[in-house]
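Enquirer: What shape does this take:
(chains A and B)
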Amino acid sequence: MSATTLKDTEAPPVPEPGRRQLKATPGTFLVWGGMALFLILLFGVVASVVVNSFAGQWFDSWFPSGYTTAWYGEAWQQYDLTQVVSTTVIVAVAVVGISVLIGAPASYVLARRSFPGKNIVMLVFLLPIMMPPITYGIPLATLLTYYHLAPGLTGVILANLVPSVPFVILTMTPFIEQINPSIESAARMCGANMTRLFTRILAPLLIPGVLAAAVLVLVRTVGMFELTFLTSNSSSDTLVVALFTAMTGAGIRAQQSVDAMAVIYMLMMMVLLVVALRFVNPTQLVSQVREDVD
Amino acid sequence: MTQAPGRSRSAAPEKPGTRPALSHRLAERGIDRLLLLLVPALLFALVLFVYPFVYGLGLSFQPREGGLFGAYVKFFTDPSMRGLESIWITLKLAVPAAVFNVAASIPIAYKMRGKFRGKRALTTVLVIPITLGTVLTAEGLLNFFGQRGWLNRFLEIFGFGPLDLVQNYWGVLWSLIISGFPFAFLLILSYLSGIDPSLEAAAQTLGADWKQRFRKITLPLLAPGLAITFCLTFVLAFSVFPSAILVGDPSGSTRVIAYVAYNAWGQQFDYPLASAAAIVMGAVELLVIILVLLWRSRMYKGSTGGKG
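Expert: Reported below is the predicted structural model:
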């Protein structure tokens, strides 16, 4: 994985013989045109929020009459973002840590062994990812409330773990399958027991897989709205939920401060995504394609 | 697959005294102490997913009034719930969004397969919408597509009247496309890059034009990937909830089933009714996925060539 990244960044800008030239046939033109239109609309959508978050007065004109950065300070004060952001970080770190601890050993077993009932186990891990969060979130939130675990921080973390653990398992299984089992056999021949095998052989080899799964779970958890919304109260809101309540409960509040908060959220997610893309090549998630062997 | 030889070996006739130990025989079928590593994850799934789900199912059969199926009857027939209509509305949003996202991804991914300069940058630009979040998308759609937004201002120059693009069905569909397209594109791109290009090259040598090559080679090999991508984007679109409220018209044309379920839970505090709505929602969603996977199972199954 790291070899691919290195090669991509250090590749000289001269077109290699293997690279295809883009030819301007009508079909190509249509495809790129459609994509350009999508990107222009998308840019407009994002830009209108960013401009509005800096706008002084903006009524019936193309651009606001003046610009100010005051909305950011106001949003930070008004919505108590210090607390909201720290809650988001606590929830995300807890969910990532616990789900990797639970998920990594399970994905090792699923990658290496076949045993009776494996399909049922896989189904149990697949369902939380294939179901809309609301469908299991509502019974789960009812149950957590019954046991006085929700609404609150514990409930938010527990609810967010439900899709995260299966997600770690599904992301890490292909990484483990890539590790040659004969390395493990060799270590065993040399007298390593299970603990040593894990700490000396598997853990170092698995670090890229763990990082990939962790960063993806982090992005998912920060963006997960439904489960957090169902299990949080005002003191355990994460940034997405705080944004939603600010926007629906608006009215007297200035729309610009909501926009400022949305921009803060976007920047935070972008940093996470850029970090994620350093560890995972997104196109290698489902099938292991070695781009450097073309 | 690997169980078959193990089973026949342990069933082979042996002298009673030399029968291998139980743990050995289990190990031959793949059961040994290593499976203990699976226990935490399984326990966790049972406690936090299976148990709540079964609890919700049980709860949905214990409504305050109306007998065993009271909550379901209320969900489907009560005029204030409009359950059936909400299922229809959700499907009307989720199916077109998923179809569009998958269909639009195919040609773009097709053009972007292989290497060319700036591929990584373009991929990153296409992935960025994942970071926007529902609220920023909603605010942006309201600002940009709104009555006084930039788009309507632009159209006004050419004499088109202001278009009603948000606070209705179209607003929600837009937001589903913005959030779902990058995801579908990434999946399709990775499935397409897994198909060995030499297969197409061979067909070209035999004189197939690009339509034939696409229909006879690429599409059958891509079908499994298409089915999975459709399912995943469909799930994303089917669970539409915040954007239906923010850019839609939640009391009317975008009263999606997730909103109905949440309303029963968070506003009316009718937990049996909310559970019933959630169960119905899950059932409808699984039904669509099963239909898609059934269709997929009739297609080609096998390797996608050397690279896959």
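Enquirer: residue ranges with poor pLDDT in the chain?
Expert: No chain in the question, so chain A it is. Applying pLDDT under 70 to chain A flags residues A:1-24, A:59, A:250-253, A:280-294.
Enquirer: you looked at the wrong chain, it should be chain B
Expert: B:1-18, B:30, B:299-308.
Enquirer: Try it again at 80.
Expert: B:1-33, B:66, B:113-124, B:126-127, B:147-148, B:160-162, B:298-308 (pLDDT under 80).
Enquirer: Which residue lies nearest the spatial centre of it?
Expert: In chain B, the residue lying closest to the centroid (C-alpha atoms, centre = their mean) is B:Leu232, at 2.2 Å.
Enquirer: Which helix or strand contains it?
Expert: According to DSSP states H and E, B:Leu232 maps onto helix B:219-238.
Enquirer: buried residues in that helix?
Expert: Residues B:221-238 are the ones in helix B:219-238 that count as buried (16 or more other C-beta atoms under 10 Å in any protein chain shown). C-betas here are computed from N, CA, C, even on glycine.
Enquirer: And for stretch B:91-105?
Expert: Going by 16+ other C-beta under 10 Å, stretch B:91-105 has these buried residues: B:Leu91, B:Leu93, B:Ala94, B:Ala97, B:Ala98, B:Phe100, B:Asn101, B:Val102, B:Ala104, B:Ser105.
Enquirer: what does stretch A:74-83 give?
Expert: A:Glu74, A:Ala75, A:Trp76, A:Gln78, A:Tyr79, A:Leu81.
Enquirer: what about the closest residue to chain A within the stretch 101-250 of chain B, how many neighbours?
Expert: Nearest residue of the stretch 101-250 of chain B to chain A: B:Ser239, at 3.1 Å (C-beta to the nearest C-beta). Per other C-beta atoms under 10 Å in any protein chain shown, the neighbour tally for B:Ser239 reads 22.
Enquirer: Contacts only, for the spatially closest residue to it that is not a sequence neighbour.
Expert: Leaving aside its sequence neighbours, B:Ser239 sits nearest to A:Pro132 (C-beta to C-beta, 6 or more residues apart in numbering or on different chains; 3.1 Å). When contacts are counted by C-beta atoms under 8 Å, 6 or more residues apart in numbering or on different chains, A:Pro132 touches A:Glu226, B:Val235, B:Phe238, B:Ser239, B:Ala258, B:Met281, B:Gly282, B:Glu285.
Enquirer: quick one: which of these is nearest to B:Ala71?
Expert: B:Met281 (13.3 Å; C-beta to C-beta).
Enquirer: and the host helix or strand of the closest one, which residues are buried?
Expert: Using DSSP H and E, B:Met281 maps to helix B:271-297. Neighbour-count burial for helix B:271-297 flags B:271-282, B:284-285, B:288-289, B:292, B:296 (criterion: 16+ other C-beta under 10 Å).
Enquirer: re the thing from before, would you check how far apart the residue of the stretch 101-250 of chain B closest to chain A and B:Gly248 are?
Expert: 14 Å (C-beta to C-beta, to the nearest Å).
Enquirer: in the chain, which spans are strands?
Expert: The chain I'm using is chain A. Using DSSP state E, no strands are found in chain A.
Enquirer: Quick check, central residue of it?
Expert: Geometric middle of chain A (C-alpha atoms, centre = their mean) lands on A:Val219, at 2.2 Å.
Enquirer: Any idea how many residues pack against the nearest residue to that one once chain neighbours are set aside?
Expert: Of all residues not flanking A:Val219 in the chain, A:Leu272 sits nearest, at 5.1 Å (C-beta to C-beta, 6+ apart). Neighbours of A:Leu272 under the rule other C-beta under 10 Å: 19.
Enquirer: Wait, A:Leu272 touches A:Val222, no?
Expert: Yes - using C-beta atoms under 8 Å, A:Leu272 is in contact with A:Val222, at 6.6 Å.
Enquirer: Perfect, that will be all.
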